[in-house]
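Q: I would like the atomic coordinates for the input below:
(2 chains)
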Amino acid sequence: MSTHTFVLNGEPVAFDAPDDLRLLWALRDILGVTGPKYGCGLDVCKACTSHINGKAFNPCSVPLSAIAPTDEITTIEGLAATVGAALHPMQQAWLDHDVAQCGYCQPGQIMAAVAKVRQAHAEGRQITDADLDEIRNICRCGTYVRIRTAVKDAAAKM
Amino acid sequence: MHADQPPDRVPTSISRRRFLGYLVAAPTVVAAAQLGAEALGMDGLVATAAASIPSLPEPSDLFDLTDLLTWATKPTANLVAVQMNTDGSASFALPRAEVGQGLTTSVAMLIAEELDLPIAKVRVTLADARPELVWNQITGGSNSIHSLYTPVRTAAAIARGQLLTAAAMQLGVPVSSLTTSNGVVRAPSGQSLTYGSLARSGAVTQTRAVTVALKSAAGFKVVGTPQSRVDALEIVTGRKQFAMDLQIPGALPTMVRRPPTINGTVVAVANLAAVRAMPGITDVVVIPTGVAVRGATFGQCLAGVNALQVVWGKGTEDGQSDATVAQELKKAELPMTPALPLTKTLDDVFTFSFASNSPLETNCAVADVRAGSAEIWSSLKTPIVAQEAIAQALGLPITAVKCHVVEGGGSFGRHLFFDAALEAAQISQAIGKPVKLMWHRTDDFRHGRTHPMCTSHVRIAYSGANVVSFDQRHTSVSTDFSHGLGEIISAYFAEIPEGNTLGYAQAVFNLSQNVPYNFGATTQMLNEVDMGFHTGSMRNIYSPNVRCAMELMVDRVAKAMAKDPYDFRHAFLKDDRSRAVLDKVAQVGQWGRPMTAGTAQGIAFHKEYKGVCAALVEIDCRAATVNRQIEDGVGGPRVTKVVFAVDVGLPVNPRGLEAQMLGGITDGIALALTSSLHIQDGLPLEGSWDNYFYTRQWNVPPDVQIIVMPPTSSDPGGAGEFGVAAAFAAVACAYARATGTNPTSFPINHDGPLGFVPLPRSVLPPEPTDGLDHAF
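A: Next up, the predicted model:
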C-alpha cells in the first residue's frame, strides 16, 4: 500500500492503494470514474481503453506502480476537454451516426478511434480501412459498420 | 368545472376504433392503459401454458400463488401509466428491459407521437419488478414493441386528452377548438398553455375509465421517422450507468471462484481464514455455485479468488465433450416421415456448435440483503421471476424483495435469466453485507449460458420441377426456458420433469418455425436432450440453425433442378410480401453479377415476428483473404458486402431497426464463420474474446446496405432478433457457392485446429502487467 499520484482528466489525484493494483480498479473502485468498462481484464476486449499522455492503452493491464506522477490519464469523461469543446469530434460523429446500441463498449471504442486517427495523422496520412481493421475493440451488439463510418467522418474534422 | 367532471374530452369519431384506458388519481395528470395477455403476441404460448396448469404441483407448493392472485385482482393490475410533470415533461416507467435494442427510444417516440411532445421531453425509465403484471414483464421473443404499441399510445392519448380538458376549462373554450404541438396547447385566440402548467390542474382525485381514439398512421409525425437513441449523449460521454457503475452504499466488489467443470460443487476449502486475511478482503464465503470473495477492489477480489485452495466435487457434464454430445444428439433424433414413392430426395444433417450469448458486460448484480428485506439491482428481462425466485432462496416474503431493473450492456438472451442477481443475493445474505458481484470474463464464457449444440436433419423430396415434401428434424441439447413467461407459475411448469422440453421448448419451436416455401407436405419437429448444460435462448433461438440448414438445402434442390437460387426462391415463396424483400435485395445487390473465382454471392430469406426479411451477401474465400495473419484472431473468409431488406409491418424507428439488423448481420457472420464454444471434459475451452471469435473489425463487411421496406401493416412486428437467421443462412450459402463445397458443420472453422491456447480451467487467468507496451 502506498500513495499514488497522477493527473486524471486534467486534475491531480492522490490516493492510497497497493502498487500492483491495476489502474482500472483504481479508476472504478477507488476514484469512482466509471466510463472505462470491465469487459475481460485481459487486455483483449478493450472496453476500458483510455489515454496515457495522449496514447490509447488499457488500464486493466497496467499496475499502479507503472504510472508516474506526471502521467496524464484521460478517460472518456475527460476527452472533450482535450479539445476544449463540449464534445470531441469523435463523440459528435458517434451521435451523428447513432453508432451505439447498448453503449457498454462505446467509451472504449471512441478512445481507441481517437488514438487511431491521431496515429495516422501523425504519419501524415488519412485513416484507411486497413487501419480500421486493426481496431481490436469488441462490440458484441455488432455496431462495427457504423463505427467505421463515424471514425472516417470524425477523422476529417480532427 | 372541475377536472374530475367528465369533460367533452376528445372529439369522437365513428370511423376510428376507441381504446379503453384510465385517468389515475394522482397529484398530476397520470393516464394509464391495460397491458393485456393478448398484447403479449404469444397467444398460443399462453394458451399452452394455461392448458397445462392442471399438471402443476399442489397449490401449497406454489408459495406465491395467493400473493399473485391478490395482486392480479387489484384494480390497477396490468396498468402502464404515462405521467405528466410540472416541468412539461412526461414520464413512463417501462415494464421491459433496455439492453441496447433501442426500446426506450421507440417507446419515447410512441409517447411523443400521441402527446404532441418533443421526444427529448419524454423520460422513459425501467420499472422495478411488478409481480401484478404476471405475464407482462418479460423482455423476449422480439415482442416488446408489438405488445406495447397500443397500450402506450392509449395512455399517452388519454393524458393529452386530459391536458386539453384542463386547458379548455382554464381558457373557457371548447376542447374541440384547441390544438396541441410541441408540448403546448393553443387556442384560436392565440392564447397558449404549456403541458407543464396543466399537469397539476388536470389531475383527477378518483381513478376512472375513459376511452380514446388514437392517431391514424396517416397523421404520424414521429412514428416511422428515423430517430437516434435517447441515451446516445450519455453513452458517448461515459455517463450512462450500468449495474457496476451504481454507487450503492456499502456494496463492495465481489467475485466468485468457480468449479473446473460445469456445475461442479465445493467439497472443501483449505484456506478460508488465510484468504480472509489478504489485503483488502472483507469476506470469503462458500455459496452453492462456488466460493465468493468480497473486498475493497475487484483486483483484490481476483487475487483472493485465485488464492483459494478448493477441493471440487463432480459437475453435471464432466464426461462430456463435443463428440459425446454429438452422439447423444444422433441417438435422440426423431424419425423422418416415410419417403414418398417416385420422388428424388436430398438428405443431409447439419451440426451447429455450442455458442455463447455472453454480452460485453458480464453477469453482474448489486444486492443488499438485510434481516427482513432485500434490494437488487441488475439487468433483468424477467424481473418478476427473479424477485420470486430470490425471495424463495432467501426465505423472505416476495413483498420484502425489491428488484430494480438496470440498463444492460447487451443481452442476446442472456438476461432472460437472473443468475447473477440470485447469486449476489445469496452472497449478501450469507455475509450480511451489500455486495457488487461481477463475473470474470472467463467464467462468463465457461459457466454462463450458452446456445445449445444442435443438429438439423433436412430431407427434401422433389419430382420434376416441384418439391413434394420437406421434412426437418431438429435435435438439440435442451434449451432452458425455466424463466417461463416471466412469472413463477409458468417458470415452475418449466422446472417439472419433461416440462421444459415437452412444454416450452416444443411450444416455442412450433410457434416460431415455419417453411416459407410451397414445398408440398412439410414437417418440422424438435427433440431436446440433456439438461445438464447452462443454456438459454440466444438471440433468435432456433431460427438461425433451422433456417441455415433449410436455406442450404434450398440451394441444393435448386441446383438439382438446374435453377438459379434466387429464381427458385422467387418461384417457391408463398406470398408477394415475401417476394418483395427477396426481389429488393436481388435488385440492389445485383444478384448474378459476375464474380471472381473464390468469391460468390449467397441469398436467403426469413419470416418471423410478423415480418419478412432477405439477405444477399458476397463472400471472399480466396486464399489471400482466408490466410490473413491476425494476431490472436481468425481471419478466414471475409464477407465483403451485405444487402439486407426488412419488412416488419410498421417500422416505428427505421434508424433503430437498421441498427438491429446490423447487429443481426454481425451475429450471423460470426455464427457461420468463426464463433463457437468447444466443450472438453465438461467445460467450454473458450475463456476470452481472443478465444471466442465473435466478429471483429477485420471480419466486418466494408459494404453493408440495409433497406427498410415501406409499411405493409398498421402494427409493428419484432426487430431485435430478426436479422440473425437470414444473414447466417446467406453467408453459409455464399460460402458453399464460393468454395464449391456442401458445408454441414457450423461455424465452418469449428472442426479445424483450435485457434488458441486454452486458459487454465482451475484458476482465473492472471491480470496482464504489460499494458503500456501496447499503447498507440
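
Q: Now do stretch B:703-716: everything it contacts.
A: A:145, B:145-146, B:149, B:217, B:224, B:577, B:580-581, B:584-585, B:588-589, B:610, B:640-652, B:654, B:657-658, B:661-662, B:665 (CB atoms under 8 Å, 6 or more residues apart in numbering or on different chains). Using the backbone N, CA and C atoms, a C-beta is placed for each residue, glycine as well.

Q: mind listing what the residue of the stretch 201-350 of chain B found nearest chain A touches?
A: Closest residue of the stretch 201-350 of chain B to chain A, CB to the nearest CB: residue B:238 (2.7 Å). By CB under 8 Å, 6+ apart, residue B:238 lies in contact with A:34, A:35, A:36, A:75, A:76, A:77, A:107.

Q: Closest to residue B:83 out of these?
A: residue A:34 (29.1 Å; CB to CB).

Q: check which helix or strand covers residue B:167.
A: Remark: residue B:167 resides in helix B:144-171, with elements defined by DSSP states H and E.

Q: Surely residue B:673 touches residue B:750?
A: No - in this structure residue B:673 lies outside contact range of residue B:750 using CB atoms under 8 Å: 9.8 Å.

Q: For those two, work out which one has more neighbours and name it.
A: Neighbour count, other CB atoms under 10 Å in any protein chain shown: between residue B:673 and residue B:750, residue B:673 has more, with 26 against 22.

Q: any idea how far residue B:695 is from the more buried one?
A: The gap separating residue B:673 from residue B:695 is 8 Å, by CB to CB, to the nearest Å.

Q: what do you get for residue B:437?
A: From residue B:437 to residue B:695 the distance is 29 Å (CB to CB).

Q: and those two? which has more neighbours close in?
A: Counted by other CB under 10 Å, residue B:437 and residue B:695 do not tie: residue B:437 has more neighbours, with 28 against 25.

Q: Just to check, the more buried one is in contact with residue B:420?
A: Yes - at 5.9 Å, residue B:437 and residue B:420 qualify as touching, with contact defined as CB under 8 Å.

Q: where do the contact lists of the two overlap?
A: With CB under 8 Å, 6+ apart as the test, residue B:437 and residue B:420 both reach B:364, B:365.

Q: Check whether stretch B:356-371 comes near chain A.
A: Yes - for stretch B:356-371, a contact with chain A is found by CB under 8 Å from any CB of the partner chain, at B:358, B:359, B:360, B:361, B:362.

Q: quick one: that stretch to chain centroid distance?
A: 17 Å (CA atoms, centre = their mean, to the nearest Å).

Q: so for it, what's the average pLDDT?
A: Taken as a whole, stretch B:356-371 has an average pLDDT of 98.

Q: For that stretch, buried residues please.
A: Buried positions in stretch B:356-371, judged by neighbour count with 16 or more other CB atoms under 10 Å in any protein chain shown: B:356-369.

Q: Columns secondary structure on top of those, output as a markdown table?
A: Below are the buried residues of stretch B:356-371 laid out as a markdown table (DSSP: H, G, I helix; E, B strand; the rest coil):
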| residue | secondary structure |
| --- | --- |
| B:356 | strand |
| B:357 | coil |
| B:358 | coil |
| B:359 | coil |
| B:360 | coil |
| B:361 | coil |
| B:362 | coil |
| B:363 | coil |
| B:364 | strand |
| B:365 | strand |
| B:366 | strand |
| B:367 | strand |
| B:368 | strand |
| B:369 | strand |
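
Q: Let's have the residues you listed in TSV, adding distance to residue B:276.
A: Formatted as TSV, the buried residues of stretch B:356-371 follow (distance: CB to CB, whole Å):
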residue	distance to residue B:276
B:356	33
B:357	35
B:358	30
B:359	32
B:360	32
B:361	29
B:362	25
B:363	24
B:364	23
B:365	23
B:366	22
B:367	20
B:368	21
B:369	20
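
Q: ok so, going back, show the average pLDDT along the helix holding residue B:167.
A: 94.

Q: what does stretch B:386-406 give?
A: 96.

Q: Quick one: end-to-end distance for it.
A: 13 Å (CA to CA, to the nearest Å).

Q: Identify the farthest-apart pair in the residues of stretch B:356-371 next to chain A.
A: The farthest-apart pair in the residues of stretch B:356-371 next to chain A, when distances are taken by CB to CB, is B:358 and B:361, at 9.2 Å.
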